[in-house]
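J.: here is my input, please return the structure:
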Amino acid sequence: MEFKQILYSKENRVATITLNRPAKLNAYSEVMVHEILAALSSARDDDEIRVVIITGAGRGFCSGGDISTDFQYPARYRGHRMEAMLEMRENMHQLVTLLRRFDKPTIAAVNGPAVAGGLTLALCCDFRLAAESARLGDTSLKFALIPDEGGAYLFPKYMGLQNALRMSLFSEVYPASRAKELGLVTEVVKDAELMTTAREWAERLADGPPIAIRMTKRMMYKQQTMELENALEDAALSIMVTNYTDDVKEGTAAFHEKRKPDFKGR
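T.: The predicted model follows:
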């Protein structure tokens, strides 16, 4: 697929998706969303890819949905009584769902503003590395809009209900250091070191046992809604997959031979 609003690259088992509308601080459009969906689907189905990095071109990560003056709903929805719902359901909600169900590790390299839907996009990733100059928050209500991309669910998950209410209702945007204190950011790094650090994290994950990593990720997300007994049963079922892989034999052999394991994902 030829991409117009994102860049997609692969290197050392790591795929990088770069939002590429720098003049608009990478505000997402329908075209961009569908291109991200295509890139993620490709990375998901590519056994050579073990980790995905998402970042932005220029000085922004993602400033949310594009609400420029020429914005209008796609023709196929226009005039429908539920056009707003249909547009969101068939576009950004698909991206949020795919990312939250994505079983390979994902890293958001937040290089600049990540606000409203841009913050939601970052929170859909497993890790958020933020440059010192990055700013994160929710500005939806400045435009009488709401956090409809999934923010109303995700913001309280990461920062607690009171902090999420304050951020959204007062349209607050925080520097990266404060966002880390609130739980929105995993790590803050110097601007010049952001992508280097993201690559280091990604390649370290890519060196790990891919099946066990994917199963562990899915277990942790899934078990958030389970009682302990159900979570333990889920773990017991999951080891029927992981414990019989060649990677377990390789990990054990590498330990005894005092060498770095070479996990194949088999």
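J.: can we go C-alpha only for contacts and neighbour counts from here?
T.: OK.
J.: touching the helix or strand encompassing Ala130 from outside, list them.
T.: Using DSSP states H and E, Ala130 maps to strand 127-131. Outside strand 127-131, the residues that touch it by Cα atoms under 8 Å, 6 or more residues apart in numbering are 106-112, 122, 176, 184-191, 193-194, 198.
J.: same thing but 10 Å
T.: 53-55, 61, 105-114, 122, 136, 175-177, 179-180, 184-195, 197-198, 201 (Cα atoms under 10 Å, 6 or more residues apart in numbering).
J.: likewise stretch 198-206?
T.: Under Cα under 10 Å, 6+ apart, the answer for stretch 198-206 is 11-16, 48-55, 104-110, 127-130, 189, 193-197, 213, 263.
J.: now a ChimeraX select for only the buried ones of those.
T.: Per 16 or more other Cα atoms under 10 Å, the buried members of the contacts of stretch 198-206 correspond to this ChimeraX selection:
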select :13,14,15,16,48,49,50,51,52,53,54,55,104,105,106,107,108,109,110,127,128,129,130,189,194,195,197,213,263
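J.: and Gly117, what does it touch?
T.: With Cα under 10 Å, 6+ apart, Gly117 has these contacts: 27-28, 62-66, 92, 96, 123, 137-140, 146-151.
J.: if we can go back for a sec, what's the mean pLDDT across the strand holding Ala130?
T.: Mean pLDDT, strand 127-131: 98.
J.: which SSE is immediately downstream of it?
T.: Immediately after strand 127-131, counting by DSSP H and E, sits strand 135-137.
J.: so what strands line up beside that following strand?
T.: Here strand 135-137 is paired, per DSSP bridges, with strand 114-115 (parallel), strand 173-175 (antiparallel).
J.: chain center to it: distance?
T.: Centroid separation for strand 135-137 versus its chain: 15 Å, with Cα atoms, centre = their mean, to the nearest Å.
J.: what do you get for stretch 47-59?
T.: Its chain's C-alpha centre and that of stretch 47-59 lie 9 Å apart, by Cα atoms, centre = their mean.
J.: so where is the stretch 51-200 of the chain shaky, pLDDT-wise?
T.: Where the stretch 51-200 of the chain drops to pLDDT under 70, the residues are 69-83, 85.
J.: following the helix or strand containing Arg218, which helix or strand comes up?
T.: According to DSSP H and E, Arg218 maps onto helix 210-222. Per DSSP H and E, helix 210-222 leads on to helix 228-242 as the next helix or strand towards the C-terminus.
J.: many thanks, we can stop here.
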